[in-house]
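In: the following comprises the amino acid sequence and a computationally predicted model.
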Amino acid sequence: MIRTKLRRSHAGKALLAAALLSASTPALLPAAPAEAVAAGRVCFFKDTQGANGAGHIAWAVRDPRNSKRWVWGSTDNAEGDSYTVPGKDNGSWMRSGSWDDLRKSFKPDPGHTKNLYDAYRCINTARGDLAAAERTFRAMRDNGYQIAYNNCLTKSIAIFRKYSPALNSVYLPNGGATPPNQYFGKMLDNARGWEKAHQYTPIRRSR
């Protein structure tokens, strides 16, 4: 009888602890390989030599209803200047397909450094709103460009936060006035939940 009561007491405490933990933890999942099955997942892709050595960032989100489908894109500063007025082409683009399609899209381009991506970092989320991410991309595409506060990095962060509101500043720090290389490295190192950088090897398109 005493052992039964003790077991029930320990079980009750364990259930209470689990409930408190789930209530205080954002809807994020442990890191897993990019191709693994999970609900939501977002990834930054980094071109270390982009923007004259400050770095350049692209983004990717996974379809939470189809783990084989991704949506990805970037803002490549079409004018090559520090400011683009809203409504003008800021070099934003978006595509969708498989993980291999993504790797072919982010391909090396000999002769210059733009889109020469060399690393990526990801985090899993319990849920993801793909439609919200795509709507945010279109808003970011049409709102111009500003080198410090409305750039490839800050637009990617905005897309991720709409995709998963659980990605608050603890998991996804603000990126204003921050070089993409610094954000991708030191700032994500100090944020919660992010995988270490994966070496990125694009797949070359067949000719």
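Out: Done, it's in.

In: now the helices for the protein?
Out: 2-24, 99-105, 130-142, 152-163, 180-182, 188-190 (DSSP state H).

In: weakest of those in terms of mean pLDDT?
Out: Lowest mean pLDDT within the helices of the chain: helix 2-24, at a mean of 39.

In: which residues of this protein score low on pLDDT?
Out: Applying pLDDT under 70 to the chain flags the ranges 1-38, 107-115, 204-207.

In: what about 80?
Out: By pLDDT under 80, the low-scoring segments of the chain are 1-38, 107-116, 202-207.

In: is residue 70 in a bridge, and if so with what?
Out: Going by DSSP bridges, residue 70 is paired in beta bridges with residue 62, residue 97.

In: how many neighbouring residues does it have?
Out: 24 (other Cβ atoms under 10 Å). C-beta coordinates here come from the backbone N, C-alpha and C atoms, glycine included.

In: report the buried residues of stretch 180-188.
Out: By neighbour count with 16 or more other Cβ atoms under 10 Å, stretch 180-188 contains the buried residues 180-181, 183-185, 187-188.

In: ugh, wrong one, stretch 146-164
Out: Going by neighbour count (16+ other Cβ under 10 Å), the buried part of stretch 146-164 is 150-164.

In: now, which of the buried residues of stretch 180-188 sits nearest residue 98?
Out: residue 184 (24.0 Å; Cβ to Cβ).

In: separation between residue 77 and residue 173?
Out: Residue 77 sits 22 Å away from residue 173, taking Cβ to Cβ, to the nearest Å as the criterion.

In: excluding chain neighbours, what is closest to residue 47?
Out: residue 56 (4.1 Å; Cβ to Cβ, 6 or more residues apart in numbering).

In: isn't the one you found up against residue 46?
Out: Yes - Residue 56 lies in contact with residue 46 (Cβ atoms under 8 Å); the separation is 7.3 Å.

In: residue 77 and residue 173 - which one has more neighbours?
Out: residue 77 (22 against 15).

In: quick one: residues contacting that one.
Out: Shown in contact with residue 77 (Cβ atoms under 8 Å, 6 or more residues apart in numbering): 51, 84, 90-91, 145, 151-152.

In: give me the phi and psi for it.
Out: Torsion angles at residue 77 (phi, psi; degrees, to the nearest 10) stand at phi 50, psi 70.

In: measure it to residue 193 for me?
Out: 29 Å.

In: ok, back up a step: of the contacts of residue 77, closest to residue 197?
Out: residue 152 (17.4 Å).

In: how near is that closest one to residue 195?
Out: Residue 152 is 20 Å from residue 195, where distance means Cβ to Cβ.

In: do residue 117 as well
Out: As judged by Cβ to Cβ, residue 117 and residue 195 stand 16 Å apart.

In: between the two, who's got more neighbours?
Out: residue 117 (24 against 17).

In: one step back: and the contacts of residue 77 as JSON lines, adding distance to residue 105?
Out: Formatted as JSON lines, the contacts of residue 77 follow (distance: Cβ to Cβ, whole Å):
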{"residue": "51", "distance to residue 105": "20"}
{"residue": "84", "distance to residue 105": "23"}
{"residue": "90", "distance to residue 105": "19"}
{"residue": "91", "distance to residue 105": "15"}
{"residue": "145", "distance to residue 105": "21"}
{"residue": "151", "distance to residue 105": "20"}
{"residue": "152", "distance to residue 105": "15"}
